[in-house]
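*Asks:* coordinates only, sequence not included:
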């Protein structure tokens, strides 16, 4: 009986120990959960601000050179030298190619000799005309005297007829010599014209840049033979100023026409790249096409840019924004702060409080519904959202780390830049 009681006592003790173990474990788990619940979630945040934002039409544009020239030779011959390097910027009048001059120089010497010969023949013809004019005058005088003497019976009629015939012959010879002199004059003029043409062709052997711009690839190297006005030697494109061509929807045409008539519209253009966000350039609208494209429903526009630093490159596709005006005092937040839910757009709003209320960089996260009117890209290249309602200027909004948040969670706002953002800024710095 005593032994049976001992066993009962041992069983009771074991049961008590086993009962306490789960209770102890649950107590520890509860304490751990409570400690985890007060750990602040690290986030990055920004303040909603009131700012003047541009009212713009976004489009994709193509950079186009205002002037583009295909350089061709105006004379046939051999290319002796190329006086520039591919891709070099040249000024108007700068020498680009030198053609063979020897053939033309020999032609000029020959034509000068022919001109001298024909000029001498012209002088000779003029001298003959002067001589024949004197002979014709003398013959005419003799014929007049012969007629008077014939009437008096001093000279026979036969002699009078001979003198009159001589006068007619001298007159015909004079007319022939005058025609020959005029022909000599024409020959001399033709020689001078041929000489001037050859001298002009000799000038064309030095091919110069008709505009200031940037050269492309050299298509024909030195030593090759070319014909006049045949192969393109190099293409020259003007870099500054430069055009950007883009299209806008036909629904915006009337508003753009109205604003353009009131004043010059500003246009910004730049590559859509994070590392090139500082490459945006400002220009102004200079051309509006006279018809809407029926296939696309857009109208073509052109904007002119100074492009003194060659930031815009011919043929490049760029992001274009046609600025129609400025909207005053709009609430703006970074576009990364906008979240999409089943009930629409919302942001995570940071309110004062949290695990460390005395720390200004901590708070409580809460969901705030917002209406987003539109988005736009700021001059720095970051996307911005214009808020219609839901928040006010000065509200602190979470921009990164939203996936770890729940309503009422404590947050800790980080003030260090993100590593990839810093790297992108370093990459974009020249």
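*Replies:* Cool, the structure landed. The structure presented is a predicted model; accordingly, all values stated were derived computationally and were not measured.
*Asks:* drop to CA atoms for contacts and neighbour counts, all remaining ones
*Replies:* Noted.
*Asks:* Could you chop the protein up by domain?
*Replies:* The record's domain split for the chain, according to automatic domain parsing, is 41-54+328-428, 57-65+243-313, 67-100+205-237, 101-203.
*Asks:* of all these, which lies closest to residue 322?
*Replies:* Of all the domains of the chain, it is domain 57-65+243-313 that lies closest to residue 322, at 4.6 Å by CA to CA.
*Asks:* Flag the shaky bits of the chain, pLDDT-wise.
*Replies:* Low-confidence segments of the chain (pLDDT under 70): 1-38, 146, 150, 153-155, 160, 272-278, 353-360, 379, 381, 416-430.
*Asks:* helices or strands up against the helix or strand hosting residue 162?
*Replies:* Taking DSSP states H and E as the criterion, the element that holds residue 162 is helix 157-204. For helix 157-204, the packing partners by 3 or more CA pairs under 8 Å, 6 or more residues apart in numbering; DSSP states H and E come out as helix 102-152.
*Asks:* Show me how far the helix holding residue 162 is from its chain's centre.
*Replies:* With CA atoms, centre = their mean, to the nearest Å as the basis, helix 157-204 stands 62 Å off its chain's centre.
*Asks:* so where do the helices sit in the chain?
*Replies:* Per DSSP state H, the chain carries helices over the ranges 2-37, 102-152, 157-204, 253-262, 419-428.
*Asks:* What residues sit buried inside the fourth one?
*Replies:* Of the residues in helix 253-262, 256, 260 count as buried by neighbour count, 16 or more other CA atoms under 10 Å.
*Asks:* Now do that helix: which elements does it pack against?
*Replies:* Counting by 3+ CA pairs under 8 Å, 6+ apart, helix 253-262 packs on no helix or strand.
*Asks:* can you give me the offset of it from its chain's centre?
*Replies:* 24 Å.
*Asks:* Identify the bridge partners of the nearest residue to residue 250 once chain neighbours are set aside.
*Replies:* In this structure, residue 250 finds its nearest non-sequential neighbour in residue 298, 5.1 Å apart by CA to CA, 6 or more residues apart in numbering. Residue 298 has the following beta-bridge partners by DSSP bridges: residue 249, residue 293.
*Asks:* Now do the same contact list for residue 298.
*Replies:* Shown in contact with residue 298 (CA atoms under 8 Å, 6 or more residues apart in numbering): 247, 248, 249, 250, 292.
*Asks:* okay, now the fourth one: neighbour count?
*Replies:* Burial of residue 250, expressed as a neighbour count using other CA atoms under 10 Å, amounts to 18.
*Asks:* pretty sure it contacts residue 297?
*Replies:* Yes - look at residue 250 against residue 297 with CA atoms under 8 Å: they come within range, at 5.8 Å.
*Asks:* Could you check how far residue 135 is from residue 173?
*Replies:* Distance, residue 135 to residue 173, by CA to CA, to the nearest Å: 10 Å.
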